[in-house]
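Student: Next input, structure requested:
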Amino acid sequence: MSLVNLTKFIVKSSLYIANINKTLKDVKFNIMVNFIQADQQDLTITTNKVAYILDLNTIKKYQEH
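Tutor: Residues are numbered from 1 along each chain as shown. This is a model prediction of the structure:
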């Protein structure tokens, strides 16, 4: 991710956290995103508990509908 894109992402990170948490609530998961950290190579999302691959696949399917 370029520095310009990274800056744009960080500026809107609270919006992204809110959208992710809304989706998690809509699919009735008891997981909340607390923090997003981004750098030029990685994106790290910290949650209040461990999210398993099955959970992430369910979220992905929900977003595709």
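Student: what's near enough to touch the spatially most central residue of the chain?
Tutor: Relative to the mean C-alpha position of the chain, the nearest C-alpha, by CA atoms, centre = their mean, is the one of Ile20, at 5.1 Å. Contacts were defined as CB atoms under 8 Å, 6 or more residues apart in numbering; by that measure Ile20 touches Val33, Ile45. Just so you know, the C-beta spots here come from the backbone N, C-alpha and C atoms, and that holds for glycine as well.
Student: check which helix or strand covers it.
Tutor: When secondary structure is defined by DSSP states H and E, Ile20 falls within helix 13-26.
Student: What residues sit buried inside that helix?
Tutor: When burial is assessed from 16 or more other CB atoms under 10 Å, helix 13-26 yields the following buried residues: Ile17, Ile20, Asn21, Leu24.
Student: Would you check which pair of those lies furthest apart?
Tutor: With distances taken as CB to CB, the most widely separated pair in the buried residues of helix 13-26 is Ile17 and Leu24, at 10.5 Å.
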